[in-house]
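Asks: test case, fold it:
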Amino acid sequence: MSTYGLEGVLAWSQALHVAVTSGRTLPVTAARLDEAAGNILARDLLLLTDDPSADSAQFDGFAICGEGPWIAVEELHLQPGECRQLHAGEPLPGHTDAVIPAAGVEARQATDGTFIVIALDPLTGVIDETVRPALGEGIVKQAARAKVGATLVPAGRLVTPSVLALAAATGHDTVEIFRPPTVGTLVLGHSLLSQGLPRDGRIRDALGAAVAAFAGAQGARSNPPMRAPDTAKLLLEHIDDANVDVLITTGSTSPTPDNHVRQVMSDLGARWLIDGVASAPGTQMLLAKLPDGRMVVGLPGDPASALAGLITIVAPLIRAMRGAPQIAPVNAVLIDQAPLGDYEDDTRLIPVQLQKSGANIVAKMLPSGIAHIAGWANADGIAVVAPNAGAPGSVVPVIYLN
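Replies: Residues are numbered from 1 along each chain as shown. The predicted structure is shown next:
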């Protein structure tokens, strides 16, 4: 591929590795349950009390004390000849000898309004006042399932609705997560339209909303996209003032005098991590680190090249920063010959639709189509075709887009 104006162009696999290893996990923070979903647990979720926290009923029935029949009461402590109705899991009243199932008794109302509970013979179902369960029967002892401090969910797991339900059920008000990165999107170019059809020689901004949505889908806190004229002074001010962990710019990455991203990065003392990638599309994608630790991703203005930058740099960078595991690609068999890149060392990123064929997954390549991104819009994933590969029947990794 051409390296004009680019320094240290990386192979696609190298760029992916740099993006993964450049993202430092952000600090741990305690998040309320209503704001923790979708984040990564930074520390084990632990049991705050024994489970059960006290001796409790194994099933719906009656806690009994002494011989029957039993008078039904609501007392916290039973006396001989008394019982209390319980649901499964409820703590037992004091002096409970056993729990008898609701199906194993008959309750009758006495003339004074009290209820008398009489056991049934378990074989005949006939009332038998001498029947009573063995001592301790129907009782789940305290800590029988788990002791306080037991791990409910290990660190590193995604906080799902089920995790939130478990946390709430066990008394947690917060969970400790890795703080998700805040991501800003800066769309460069004074001639781009924000609505309507292209007109007067001006084209629509295809990337602002898409980039912000993609960052949010990776688990970041994504700010609404902002617009900025492509001038060095204003670009420097926007980047210098951005209160984000990652700033993604679109456009102005080509190494020509009228594109200012590189010059501004130099003025800000940034350290270049990726300055060009041997891929088609996406050659002019960039990654730099500012002295204060903020990351800047430069995406080309061409929509297909920008989308290539999202899956190559943005997705792995955000996942690394939020402590999430990287998503492994799926292997698929190419149906057709992959198109050649512009240069023989280019890795080709090709939109594909996936289908099941026997024990294999096959990949049907899609043409670029309208606006050069219709294929991406209709794809299940992106096939990563290495240089000198891509013959029909060959196996390639595919990165899912959803």
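Asks: could you pick out the longest strand of this structure?
Replies: Looking across the chain with DSSP state E, the single longest strand is strand 347-357.
Asks: would you map the strands across the stretch 101-250 of the chain?
Replies: For the stretch 101-250 of the chain, the strands defined by DSSP state E, counting those that start in this stretch cover 105-109, 115-119, 139-140, 151-153, 174-178, 182-188, 221-222, 226-228, 246-250.
Asks: what packs against the longest strand of the chain?
Replies: helix 12-22, strand 277-280, strand 330-334, strand 360-365, strand 381-385 (3 or more C-beta pairs under 8 Å, 6 or more residues apart in numbering; DSSP states H and E). All C-beta spots, glycine's among them, are computed from the backbone N, C-alpha and C.
Asks: buried residues in stretch 221-241?
Replies: Buried residues in stretch 221-241, counted by 16 or more other C-beta atoms under 10 Å: 222-223, 225, 228, 230, 235-236, 238-239.
Asks: how about the chain, which residue sits the furthest from its center?
Replies: T111 (62.1 Å; C-alpha atoms, centre = their mean).
Asks: lowest pLDDT pick from the buried residues of stretch 221-241?
Replies: pLDDT across the buried residues of stretch 221-241 is at its lowest for D230, which sits at 75.
Asks: my read: that residue touches S252, true?
Replies: Yes - if you go by C-beta atoms under 8 Å, D230 and S252 touch, sitting 5.2 Å apart.
Asks: any residues in contact with both of the two?
Replies: 188-189, 259-260 (C-beta atoms under 8 Å, 6 or more residues apart in numbering).
Asks: nearest to L247, of the helices and strands packed on strand 347-357?
Replies: helix 12-22 (14.1 Å; C-beta to C-beta).
Asks: neighbouring contacts of the very next helix or strand once past the closest one?
Replies: Counting by DSSP states H and E, the next helix or strand C-terminal to helix 12-22 is strand 28-32. Contact partners of strand 28-32, identified using C-beta under 8 Å, 6+ apart, comprise 39, 42-43, 173-179.
Asks: could you dump these to CSV with distance to A371 and pLDDT?
Replies: What follows is the contacts of strand 28-32, written out as CSV (distance: C-beta to C-beta, whole Å; pLDDT from 0 to 100):
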residue, distance to A371, pLDDT
N39, 34, 97
A42, 41, 98
R43, 46, 98
D173, 48, 98
T174, 45, 98
V175, 42, 98
E176, 44, 98
I177, 38, 98
F178, 37, 98
R179, 36, 97
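Asks: buried ones among those?
Replies: Using 16+ other C-beta under 10 Å, the buried ones in the contacts of strand 28-32 are 39, 42, 175-179.
Asks: show me which positions of stretch 180-199 end up buried.
Replies: 180-189, 192.
Asks: now the terminal residues of it, how far apart.
Replies: One end of stretch 180-199 sits 39 Å from the other (C-alpha to C-alpha, to the nearest Å).
Asks: and that stretch, average pLDDT?
Replies: pLDDT averaged over stretch 180-199 gives 86.
Asks: what of stretch 254-268?
Replies: 83.
Asks: please apply the same query to stretch 22-31.
Replies: Computed over stretch 22-31, the average pLDDT equals 96.
Asks: over to stretch 84-93?
Replies: 97.
Asks: and that stretch, what's buried?
Replies: Within stretch 84-93, the residues scored as buried using 16+ other C-beta under 10 Å are 84-86, 90-93.
Asks: which single one of the residues you listed is nearest to A213?
Replies: Relative to A213, the closest of the buried residues of stretch 84-93 is E90; by C-beta to C-beta it sits at 47.4 Å.
Asks: which residues does the residue nearest to the closest one when sequence neighbours are not counted contact?
Replies: Nearest residue to E90, sequence neighbours excluded (C-beta to C-beta, 6 or more residues apart in numbering): A57, at 5.2 Å. With contact set as C-beta under 8 Å, 6+ apart, A57 has these partners: 63, 86-90, 92, 99, 138-140.
Asks: from the residues you listed, pick the one nearest P281.
Replies: G89 (58.3 Å).
Asks: and the residue nearest to the closest one when sequence neighbours are not counted, how many neighbours?
Replies: What sits nearest to G89 in space, not counting adjacent residues and going by C-beta to C-beta, 6+ apart, is S56, at 5.5 Å. Neighbourhood size, S56 [other C-beta atoms under 10 Å]: 23.
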